[in-house]
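Participant: With the input below, show me the fold.
(one chain, ligands or ions: 2)
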Amino acid sequence: MIYQENTQAIYRKDYQQPDFFIDSVDLHFSLDEDVTLVHSRMTIRPRTENQKKPLILNGELLVLKSLKFNGHVLNATQYHVDKTHLTLPNVPAEAFELESIVEIKPQENTALTGLYQSSGNYCTQCEAEGFRRITYFLDRPDVMARYTTTIVADKSRYPVLLSNGNRVEYGELNDGRHWVKWADPFPKPSYLFALVAGNLYCHGGKFTTRSGREVRLEIWVEPQNHDQCEHALQSLQKAMRWDEERFGLEYDLDIYMIVAVGDFNMGAMENKGLNVFNAKFVLCRPDTATDDDYEGIEAVIAHEYFHNWTGNRVTCRDWFQLTLKEGLTVFRDQQFTEDMTSAAVKRIQDVRILRSAQFAEDQSPMAHPIRPESYIEMNNFYTVTVYNKGAEVIRLYQTLLGKDGFRRGMDLYFQRHDGQAVTCDDFRAAMADANQVDLTQFERWYDQAGTPVVEASGVYDATAKTYALTLRQQVPEHLQAWHIPVAVGLLGKEGQDLSLQLEETAPAKTTQVLELRELEQTFTFKNISELPIPSLLRHFSAPIKLNFSCQRQELAFLMAHDSDPFNRWEAGQQFAQQVIFDLLADWQAGKTLQLDALFSEAVLKILQDDKLDGSIKSLMLTLPTENFLGQQQAEVAVDGLFAVRQFVLKQLAEVHYAEWLAIYRANHQMPYSNSATAIACRRLKNTALHYICRLDTPETVNLAEKQFKQSDNMTDQQSALMCLVNTFSEERGQAIEYFYQQWRHNPLVLDKWFSVQATSYLPDTFDNVKALLQHQDFTLKNPNRARSLIAVFSQNQAQFHRADGLAYQLHADIVLQLNATNPQIASRFVSVFNHWRRFDANRQALMQAQLNRIIQHPNLSKDVYEVVSKSLNVKG
Ligand code: TRP
Ligand code: ZN
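Facilitator: Ligands and ions are numbered 1, 2, ... in the order given. Just a heads-up that it's a prediction; the model follows:
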């Protein structure tokens, strides 16, 4: 096999400090459609005195035009250049200056890392290792330098020239070009460098910090999007205020800029003072963006803003520490959203993501601890494990130490490490030291992969009036016990919370956080005067699987009464899961299916509960996904799960038809508002519409069609379209065409058009997806567009995992195309095949065949190679 790129793994244990530091760098960009010149002048200093180490700089896809050492031109015998490095074998033991000029071609950059073009504008993406595609450098996060950046470009085509920090000088040249010089006073790693040049509109605003400094805020977008920026600006202002109030953290420059670009591999990037965003997380207007889009924008804007302290002021020593900034920053944005919207709704949404994507990753050959031990391509480790499980691990500190204790730990972390590049151990030490607790065992959350499984069992002693709860963690052979906080409540007969006392001296509470540190521990509650129903793992207090055998009556009881809204939802999900798996057994035995009456009744109670918030209610009325259900099985029963889930949905629709319709009518309000109440109404109403449309009668189609045509907002329009796309009606095709004509000139809305069609559960979905690949507006070059069709379809379990394997083949074709143009996206897409061993023999063989085909491809990127080789378990 021929692998063009080096596929050697890099190990965490091999970390060594850099031999050289770069204290300052002065960059000069001459942007041109043909070749762009990058001139760099660096002051470099050996780490230790008298060292005789060669200077090895990273650099890829660069054409070196000139190299000067302390002002003297070097000739080709004095340095060595290969595909990935520039080496100077002999450098002095004191500080020196190195100056280079390289040529790059951003217009040919389809990988969207380094300097590239999007809609004719220039922008950069340097994390993790993209800066080396711009100039020769020590491209690693523990090398922090002060940057000045001068950008020269044609003034008419690129009137706006941006980089990190403050704009210090500007001027015009006599050939129609102009220039701007930026200076960033804060030393930073190269991955936080950014440059933007283009024709952009500025939506401006301001923020006054609590110490009274005025900060200029700028949202930069393509001119036609000028009317879609206000929500992003307000989100930024809210995030800035929240970080001051919750963590005492203020912004530190006089200007904060956000640029929206159409072509972007990820969500957004926290470059110092100059965030670059996927336009999807900036632009919105009621008629073009859904309620979920609005929330996503607020969360991502906050996330990138929060990085200014957790990531930029205190950064990572090496990429194995990625969760130090990402887990912590995701946790911070989750807490922010909990405060801005509803804590319960946000918690449920976050746990759904964790369970469906991260628990699945833990079950796959790409499983890794939140702090990985090795990688071939770092870009493959921007994962739900590092991000979302990482955030859960940060949440554990807060659960164990309390909000105030967590804040003390954060304060100490900044006090100790501001301006440094540090490790996860440094963070854990700050938490431990600030609270004088021992967090040694806690390190296992960082070095052990996998989802801990905990078995719970309870014994009630009526005479002693005690309830003894035993928790037992199943620890795989080569691993050790985790330190797990388990939040517990006990409910009495009336559904009331019982008062819980663990020790004589400790205060009684209705929720107690039990600390499970051993393989098995029993916790005994006293003065429990009636047989309680336990509510375990409240608010999902740890990222584990908790097994506790519960009768259906008990689940129905918790579903109706638990004071912890998360567990109320959870009881409903477990109930639904039991019902579905029982029906699956019947389906597999060829029996006629009948919906469990107790479940149907429990659903009715939720439907009729007037005290429940509409957002929670609609989550409680949503069944676990096929993907999640499949994870609970030894072998995913693709067709059975699909059939049974469809059956349950249709039954619930029919049995409670009158209630669904009543809910629909009661919540169908016009006109649009974006208040929390209005959002809750829309969520509930659209959940009802989805059930109603399961019946696929002329009346139900008509209801959806009316909403589709009359709605004044994208939430309602998209929901209605999704309903229609799942009917066999004539209106289906008409709606698809109507939506296309209405929105064909708005790329973000057109993405929705592709996605909605790819999510349909009707049997013609694969053929439609194939046809859409040929659509004039489809392109693999734009990551959002590629995801909207390909990634979305690959998550459509029953349709993607067709028994004939045709969807697998098509998917592999696309992965190979993307491998050549955008390896990061190719690698993300190929990851669906990671789960191949969890399917039946036929599907396994079909997926394995595609993986084998991919790995034999002659020019495989390391991104795709790493995932596929791990998937196939290829050694070395
Ligand atoms: N640090 C970014 C974040 O906020 C992640 C990111 C953006 C990224 N673009 C990227 C990571 C490209 C790798 C490659 O989470
Ligand atoms: Zn981040």
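Participant: Now do the contacts for the residue in the chain that ligand 1 sits nearest to.
Facilitator: Going by CB to the nearest ligand atom, ligand 1 is nearest to Met266 of the chain, at 3.5 Å. Glycine gets a C-beta too; all of them are placed from N, C-alpha and C. By CB atoms under 8 Å, 6 or more residues apart in numbering, the contact list for Met266 reads 278, 382.
Participant: and it, what pLDDT?
Facilitator: Residue-level confidence at Met266 comes out at 98, pLDDT.
Participant: can you give me the helices in the stretch 601-750 of the chain?
Facilitator: In the stretch 601-750 of the chain, the segments counted as helices under DSSP state H, counting those that start in this stretch are 614-620, 626-631, 638-655, 657-667, 676-693, 698-710, 714-725, 730-743, 747-759.
Participant: Serialize the ones you listed to TSV and add fields for mean pLDDT, mean neighbour count and distance to Trp482.
Facilitator: Formatted as TSV, the entries for these read as follows, by pLDDT from 0 to 100; neighbours: other CB atoms under 10 Å; distance: least, CB to CB, whole Å:
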stretch	mean pLDDT	mean neighbour count	distance to Trp482
helix 614-620	97	23	28
helix 626-631	97	20	20
helix 638-655	98	18	31
helix 657-667	97	17	42
helix 676-693	97	22	35
helix 698-710	98	17	47
helix 714-725	98	24	40
helix 730-743	98	16	48
helix 747-759	99	21	36
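Participant: Now render the ones you listed as JSON lines, adding distance to Ala487.
Facilitator: Compiled in JSON lines, those are given as follows (distance: least, CB to CB, whole Å):
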{"stretch": "helix 614-620", "distance to Ala487": "19"}
{"stretch": "helix 626-631", "distance to Ala487": "22"}
{"stretch": "helix 638-655", "distance to Ala487": "30"}
{"stretch": "helix 657-667", "distance to Ala487": "32"}
{"stretch": "helix 676-693", "distance to Ala487": "26"}
{"stretch": "helix 698-710", "distance to Ala487": "40"}
{"stretch": "helix 714-725", "distance to Ala487": "33"}
{"stretch": "helix 730-743", "distance to Ala487": "45"}
{"stretch": "helix 747-759", "distance to Ala487": "35"}
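Participant: Just send these back as JSON lines, with distance to ligand 1 too.
Facilitator: Putting the helices of the stretch 601-750 of the chain into JSON lines (distance: least, CB to the nearest ligand atom, whole Å) gives the following:
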{"stretch": "helix 614-620", "distance to ligand 1": "26"}
{"stretch": "helix 626-631", "distance to ligand 1": "24"}
{"stretch": "helix 638-655", "distance to ligand 1": "32"}
{"stretch": "helix 657-667", "distance to ligand 1": "35"}
{"stretch": "helix 676-693", "distance to ligand 1": "25"}
{"stretch": "helix 698-710", "distance to ligand 1": "35"}
{"stretch": "helix 714-725", "distance to ligand 1": "25"}
{"stretch": "helix 730-743", "distance to ligand 1": "27"}
{"stretch": "helix 747-759", "distance to ligand 1": "18"}
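Participant: At the contact with ligand 1, which residues of the protein appear?
Facilitator: 125, 127-128, 265-266, 268-270, 303-304, 326, 379, 382 (CB under 6 Å from any ligand atom).
Participant: Restrict these to those that also contact ligand 2, please.
Facilitator: Intersecting the residues of the chain next to ligand 1 with the contacts of ligand 2 gives Glu326 (criterion: CB under 5 Å from the ion).
Participant: Of the residues of the chain next to ligand 1, which belong to helices?
Facilitator: Restricting the residues of the chain next to ligand 1 to those inside helices, with DSSP state H as the criterion, leaves 303-304, 326.
Participant: Apply the buried test to these and list what passes.
Facilitator: If you count burial by 16 or more other CB atoms under 10 Å, the buried members of those come out as 303-304, 326.
Participant: Could you list which of the residues of the chain next to ligand 1 belong to strands?
Facilitator: Among the residues of the chain next to ligand 1, the members falling in strands (DSSP state E) are 125, 268-269.
Participant: backbone phi and psi for the spatially closest residue to Pro823 that is not a sequence neighbour, please?
Facilitator: Excluding its sequence neighbours, the residue lying closest to Pro823 (CB to CB, 6 or more residues apart in numbering) is Ser861, at 3.4 Å. Comment: the main-chain dihedrals of Ser861 come out as phi -70, psi 160, following degrees, to the nearest 10.
Participant: Next: Lys65.
Facilitator: The phi and psi torsions at Lys65 (degrees, to the nearest 10) take the values phi -100, psi -30.
Participant: Please, which helix or strand holds the nearest residue to Glu443 once chain neighbours are set aside?
Facilitator: For Glu443, the nearest residue in space outside its immediate sequence neighbours is Arg428; the separation is 6.7 Å by CB to CB, 6+ apart. Assigning secondary structure by DSSP states H and E places Arg428 in helix 424-435.
Participant: ok, now Ala239?
Facilitator: Applying DSSP H and E, one finds Ala239 within helix 230-247.
Participant: same question, Asp404
Facilitator: Secondary structure assignment for Asp404, by DSSP H and E: helix 390-417.
Participant: Could you give me the buried positions within that helix?
Facilitator: Within helix 390-417, the residues that count as buried by 16+ other CB under 10 Å are 390-401, 405-410, 412-414, 416-417.
Participant: With just CA atoms, put the host helix or strand of Glu338 into CSV.
Facilitator: Assigned by DSSP H and E, Glu338 belongs to helix 322-340. Coordinates of the C-alpha atoms in helix 322-340 are reproduced here as CSV (Å, rounded to 0.1, in the frame of the first residue of the first chain):
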residue,chain,number,x,y,z
LEU,A,322,-7.2,20.1,23.8
THR,A,323,-9.9,19.3,26.3
LEU,A,324,-8.3,21.8,28.7
LYS,A,325,-9.7,24.5,26.6
GLU,A,326,-12.6,22.8,24.7
GLY,A,327,-14.1,20.8,27.5
LEU,A,328,-14.0,23.8,29.8
THR,A,329,-15.3,26.2,27.2
VAL,A,330,-18.2,23.9,26.2
PHE,A,331,-19.0,23.6,29.9
ARG,A,332,-19.0,27.4,30.1
ASP,A,333,-21.2,27.8,27.0
GLN,A,334,-23.6,25.2,28.4
GLN,A,335,-23.9,27.0,31.7
PHE,A,336,-24.5,30.3,29.8
THR,A,337,-27.3,28.8,27.7
GLU,A,338,-28.8,27.2,30.9
ASP,A,339,-29.0,30.7,32.3
MET,A,340,-30.2,32.4,29.2
